[in-house]
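S.K.: I would like to see how this sequence folds:
(one chain, ligands or ions: 2)
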Amino acid sequence: LSGRFNEIFQQLRRRGKLSEADVDAVLREVRLALLEADVHYSVVKSFVTRVRERAVGHEVSKALNPAQQVIKIVHEELINTLGEPDRLNLSGPKPRVVMMVGLQGAGKTTATAKLAKILRSQGERVLLVAADPYRPAAVKQLQTLGQQIGVDVYTREGVKPPDLAAQAFDMAQKSGVSAMVIDTAGRSQLDDALMQELQAIARRVPVNETLLTVDSMIGQEALHIAEGFRDSVKLTGLVLTKMDGDSRGGAAISIRSVTGVPIKYLGTGEGLDALESFDPRRLASRILGMGDMIGLIERAEAAFDQQATQDQAQRMLAGQFTLEDFAQQLKQVKKMGPLSQILDMMPGGMGQAARNIDPADAEKQLKRTEAIINSMTVAERKNPDLLNASRRRRIASGSGTDVQDVNRLIKQFRETQRLFKHIKKTGGRGLPRLFG
Ligand code: GDP
Ligand code: MG
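M.R.: Residues are numbered from 1 along each chain as shown. Ligands and ions are numbered 1, 2, ... in the order given. Sure, this is the predicted structure:
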């Protein structure tokens, strides 16, 4: 509990604007987190600069400490950078055409089938086009997937991809297909022949969407690949695959911020249902890798009744802090959720102190303290001087605790009260020593 007061005290002391030192301390960690998430270093650099400009001098919300405030700004800026979720553009005359592009192994064919499944569930009549004539196995793979989801696959042996796409389009038009997804060939690296082929397809059929599929596991290289495709074909969206692996998905920020291509889907598994619409908030939290620190910050803010806290702070400094206020504090902590969950949400460095706390113990103590205060009369809460031995015994038995527990709480309370009196006298100077 004294930790909780410590925190409040810090808020009192640190209210105001974020200093350069506040911001830089957090940004050092953020920089590392982004690099670890495989965000390209040039993108990290410009991102950090942007956040720094925004954060220094920013008002610290009363519910947060400065570090939390900086993280909140980082998270918001990350969401801005990732951009709003962008729906698939399926407007215009039918059939609407989606062309899937990307390097070999990126997950293109799998994503093609997953997308077809989604489109079909939305009521579209879908046709898949196997435009990878160089590898018979690739055509077979799409046919098998098509069978699994019950969608027709257009293939013609020995026909070049642009002609194949044009033939498929004709057939689709005649047979009332509303959406056609073309699975194009990939290469193990960027090359001109591949790009020319994609351009040729785009000349033969009216393409609504050109989706670049990128493996999220390839790291910093992702940016280079995206730039290569962007320079040759007009990309309209990004599908980031294999997000079920270790990758934190930093490629998404690199690609989005450098190319401006919106992220549309995330592949999250080998199964054909594992394609998720992109959610910038969730991806931002994952890229930052801060456990659910972000969730914690949001909950702290929500739970914090700013006015009540201000009043309380005033009373504290006037030396009028009562056990009633103490009980209020407990309620606020409880509003944030179970302690064990709150402790779990703290990431490595920041949760160091928290890690030494046994959440079950802390929870028990919190409950005990609350029970003790609840067993006091209003008069006793306002004036603990009334608490003689017999009253303490009554409170202990009423709250199912020991007299020792009651004594300890009162002692803690007295210390806190003394502390606030001291703050008032000295204006806060020389205090950090008291907290050791
Ligand atoms: P393509 O060469 O770009 O067409 O890639 P494929 O669609 O053939 O996928 C290559 C491999 O990656 C296959 O083994 C897929 O099952 C696998 N794969 C594709 N997407 C995902 C994904 O989101 N998660 C996982 N775990 N595996 C994926
Ligand atoms: Mg393929």
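S.K.: Tell me which residues touch the residue nearest to T155 when sequence neighbours are not counted, please.
M.R.: Leaving aside its chain neighbours, T155 sits nearest to A130 (4.5 Å; criterion: C-beta to C-beta, 6 or more residues apart in numbering). The C-beta positions use only the backbone N, C-alpha and C, and glycine is treated the same way. For A130, the contact set (C-beta atoms under 8 Å, 6 or more residues apart in numbering) comprises 138-139, 142-143, 153-155, 183.
S.K.: Mark which of the residues you listed are buried, thanks.
M.R.: Listed as buried from the contacts of A130 are 138-139, 142, 153-155, 183; burial here means 16 or more other C-beta atoms under 10 Å.
S.K.: Looking at these, which two lie furthest apart in space?
M.R.: A138 and Y154 (13.9 Å; C-beta to C-beta).
S.K.: so what are the domain limits for the chain?
M.R.: Domain assignment for the chain by automatic domain parsing gives 96-278, 304-436.
S.K.: Please state the offset of the longest one from the chain centre?
M.R.: Right, the one you point to is domain 96-278. Here the centre of domain 96-278 is set off from its chain's centre by 27 Å, with C-alpha atoms, centre = their mean, to the nearest Å.
S.K.: ok, is it in contact with ligand 1 or not?
M.R.: Yes - looking at domain 96-278 against ligand 1 by C-beta under 6 Å from any ligand atom, the contacts come from 102, 104-110, 186, 213, 241-242, 244, 267-270, 274.
S.K.: Take these and keep only those in strands.
M.R.: 213, 241, 267 (DSSP state E).
S.K.: ok, now which ones touch the second one?
M.R.: T241 is in contact with 106-107, 110-111, 213-216, 266-267, counting by C-beta under 8 Å, 6+ apart.
S.K.: Render the CA-only coordinates of the host helix or strand of the residue nearest to T155 in PDB, please.
M.R.: According to DSSP states H and E, A130 maps onto strand 126-131. Extracted in PDB, the C-alpha atoms of strand 126-131 (Å, rounded to 0.1, in the frame of the first residue of the first chain):
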ATOM      1  CA  VAL A 126     -15.600 -16.200 -56.500                       C
ATOM      2  CA  LEU A 127     -13.300 -17.600 -59.100                       C
ATOM      3  CA  LEU A 128      -9.600 -18.300 -58.400                       C
ATOM      4  CA  VAL A 129      -7.000 -18.000 -61.100                       C
ATOM      5  CA  ALA A 130      -3.800 -20.100 -61.000                       C
ATOM      6  CA  ALA A 131      -1.400 -17.800 -62.900                       C
END
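S.K.: Pull out the buried positions in the helix or strand following it.
M.R.: As assigned by DSSP H and E, the chain's next helix or strand after strand 126-131 is helix 136-149. With burial defined by 16+ other C-beta under 10 Å, the residues of helix 136-149 counted as buried are 138-139, 141-142, 145-146, 149.
S.K.: Contacts made by helix 136-149 with the rest, please.
M.R.: Identification of contacts with helix 136-149 by C-beta under 8 Å, 6+ apart yields 109-110, 112-113, 116-117, 120, 128, 130, 132-133, 152-153, 155, 183, 185, 272.
S.K.: could you pull out the strands for the stretch 1-150 of the chain?
M.R.: 96-101, 126-131 (DSSP state E, counting those that start in this stretch).
S.K.: Quick check: which of those strands is buried the most?
M.R.: Mean neighbour count (mean count of other C-beta atoms under 10 Å) peaks for strand 126-131 among those, with a mean of 27.
S.K.: strand partners of that strand, parallel vs antiparallel please.
M.R.: strand 152-154 (parallel), strand 179-184 (parallel) (DSSP bridges).
S.K.: which strands and helices sit next to the helix or strand just after the longest one?
M.R.: The reference is to strand 179-184. Going down the chain from strand 179-184, the next helix or strand is helix 192-204, by DSSP H and E. Helix 192-204 sits against strand 96-101, helix 161-174, strand 179-184, strand 207-215, helix 221-232, with contacts defined as 3 or more C-beta pairs under 8 Å, 6 or more residues apart in numbering; DSSP states H and E.
S.K.: Residues touching the third one, excluding its own?
M.R.: Among residues not part of strand 179-184, those counted as contacts by C-beta under 8 Å, 6+ apart are 90, 94-101, 108-109, 112, 115-116, 119, 124-132, 138, 142, 161, 165, 168-169, 172, 197-198, 201, 205.
S.K.: Can you name the residues of the stretch 251-400 of the chain that neighbour ligand 1?
M.R.: By C-beta under 6 Å from any ligand atom, the residues of the stretch 251-400 of the chain that approach ligand 1 are 267-270, 274.
S.K.: switch to 8 Å and redo it
M.R.: Residues of the stretch 251-400 of the chain found near ligand 1 (C-beta under 8 Å from any ligand atom) are 266-270, 274-275.
S.K.: give me the number of residues near D22?
M.R.: For D22, the neighbour count with other C-beta atoms under 10 Å is 20.
S.K.: Can you tell me the closest non-neighbouring residue to it?
M.R.: That would be P66: by C-beta to C-beta, 6+ apart, it lies 4.1 Å from D22.
S.K.: Next, work out how far apart that neighbour and ligand 1 are.
M.R.: The gap separating P66 from ligand 1 is 39 Å, by C-beta to the nearest ligand atom, to the nearest Å.
S.K.: cool, K364 as well?
M.R.: For K364, the distance to ligand 1 - C-beta to the nearest ligand atom - is 42 Å.
S.K.: Tell me which helix or strand that residue sits in.
M.R.: Applying DSSP H and E, one finds K364 within helix 359-374.
S.K.: What pLDDT is listed against the residue of the stretch 1-150 of the chain found nearest ligand 2?
M.R.: Residue nearest to ligand 2 within the stretch 1-150 of the chain: T109 (3.3 Å; C-beta to the ion). The model reports T109 with a pLDDT of 97.
S.K.: Would you mind naming what in the stretch 101-250 of the chain lies close to ligand 2?
M.R.: Residues of the stretch 101-250 of the chain found near ligand 2 (C-beta under 5 Å from the ion) are 108-109, 138.
S.K.: what about V181, how many neighbours?
M.R.: V181: 26 neighbours (other C-beta under 10 Å).
S.K.: what's the closest non-adjacent residue to it?
M.R.: For V181, ignoring the flanking residues on the chain, the nearest one in space by C-beta to C-beta, 6+ apart is V98 at 4.7 Å.
S.K.: returning to what we had before: which residues touch the residue nearest to D22?
M.R.: Contacts of P66 (C-beta under 8 Å, 6+ apart): 14, 18-19, 22, 60.
S.K.: So it versus L296, what's the distance?
M.R.: 15 Å (C-beta to C-beta, to the nearest Å).
S.K.: Show the residue spans covered by the helices in the stretch 251-400 of the chain.
M.R.: Using DSSP state H, counting those that start in this stretch, the helices of the stretch 251-400 of the chain run over residues 280-288, 293-303, 306-317, 323-335, 339-344, 352-355, 359-374, 378-382, 389-399.
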